[in-house]
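1. Test case, fold it:
(one chain, ligands or ions: 2)
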Amino acid sequence: MLADVGLVGYPNAGKSTLISVISAAKPKIADYPFTTLVPNLGIVRIDAGKSFVVADIPGLIKGAHIGKGLGIQFLRHIERTKVLVFLIEATSENPKADYKVLLNELKLFNKDLPKKPKIIALTKVDIVDEKTLTSLKKISFGKVPTFLISSVSSAGIKKLVAEMWKAVSKPPRRQG
Ligand SMILES: Nc1nc2c(ncn2[C@@H]2O[C@H](COP(=O)(O)OP(=O)(O)O)[C@@H](O)[C@H]2O)c(=O)[nH]1
Ligand SMILES: [Mg+2]
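-> Numbers count the residues shown, from 1 in each chain. Ligands and ions are numbered 1, 2, ... in the order given. The predicted structure follows:
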């Protein structure tokens, strides 16, 4: 599998649904964890000649790097993607803590993984109340560009895809 963008996040974060709205792929979607047993690939078309491949990396949970859940067999796939998009549910009690756990899992698997260009998407904003939304808008994940999205209402999706394209099409940093 060769994808430009890898979607990482807890089971149920909305990875497969996002792929289904930004590409022509129709992955399996369900409201229970571990629906996705194989990475889904989708081609995102921006314009003529402008497209990239996105993959959802299933089953990342705490302990994935030592084989918990189903994450470990997929972590290998992320090693070959150029950009990582972290999907975190907007309804989470603590999105920052979730991000830390996810990032740490990647790091424990391969210390170079967190060095890849990163984007954060806070998902399912259609189901959070106005007050939560206001506080979510203020969360900062350091320098990592962050988007509030909903695959149901389409909120933020265009901006997220534009950022993905920007990161994918950027020439790699020159070594040494
Ligand atoms: N309300 C709402 N539900 C969503 C959204 N995205 C995904 N879901 C639901 O969340 C559940 C898990 O979605 P899925 O894409 O399978 O998550 P995955 O495990 O990360 O691939 C499903 O019931 C989806 O319908 C969204 O933007 N808004
Ligand atoms: Mg899935």
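2. Assumed residue 114 was part of a helix.
-> Yes. According to DSSP: H, G, I helix; E, B strand; the rest coil, residue 114 belongs to a helix.
3. who touches it in this structure?
-> 103, 106-107 (C-beta atoms under 8 Å, 6 or more residues apart in numbering). For every residue, glycine as well, the C-beta is placed using N, CA and C.
4. Wasn't residue 42 part of a helix?
-> No. If the criterion is three-state DSSP, then residue 42 is strand and not within a helix.
5. residues near the nearest residue to it once chain neighbours are set aside, how many?
-> Leaving aside its chain neighbours, residue 42 sits nearest to residue 23 (2.8 Å; criterion: C-beta to C-beta, 6 or more residues apart in numbering). Neighbour count for residue 23, taken as other C-beta atoms under 10 Å: 20.
6. Residue 23 contacts residue 51, doesn't it?
-> No. Using C-beta atoms under 8 Å, residue 23 makes no contact with residue 51, being 9.2 Å away.
7. overlap in contacts of the two?
-> Residues within reach of residue 23 and of residue 51 at once, by C-beta under 8 Å, 6+ apart, are 43-45.
8. neighbour-wise, which of those residues leads?
-> Neighbour max across the shared contacts of residue 23 and residue 51 (other C-beta under 10 Å) = residue 44, 20 neighbours.
9. ok now do that residue, which residues does it touch?
-> By C-beta under 8 Å, 6+ apart, the contact list for residue 44 reads 5, 22-23, 51-54, 161, 164-165.
10. So it versus ligand 1, what's the distance?
-> Distance of residue 44 to ligand 1, computed by C-beta to the nearest ligand atom, to the nearest Å: 16 Å.
11. Also residue 40?
-> Taken as C-beta to the nearest ligand atom, the span from residue 40 to ligand 1 is 8 Å.
12. Not counting its neighbours along the chain, what's nearest that residue?
-> Looking at residue 40 with C-beta to C-beta, 6+ apart, the closest residue is residue 27, at 3.7 Å.
13. Count the neighbours of the one you found for me.
-> Residue 27 has 20 neighbours, counted by other C-beta under 10 Å.
14. pretty sure it is touching residue 56, no?
-> Yes. Between residue 27 and residue 56 a contact is recorded at 6.9 Å, counting by C-beta under 8 Å.
15. per-residue confidence at the closest residue in space to residue 79 that isn't next to it in sequence?
-> Residue nearest to residue 79 in three dimensions, not counting chain neighbours: residue 110, with 6.0 Å by C-beta to C-beta, 6+ apart. Residue 110 carries a pLDDT score of 89 in this model.
16. Past the longest helix along the chain, which element shows up next along the chain?
-> Secondary structure assigned by DSSP state H gives helix 95-109 as the longest helix of the chain. Sequence-wise, the next helix or strand downstream of helix 95-109 (DSSP states H and E) is strand 118-123.
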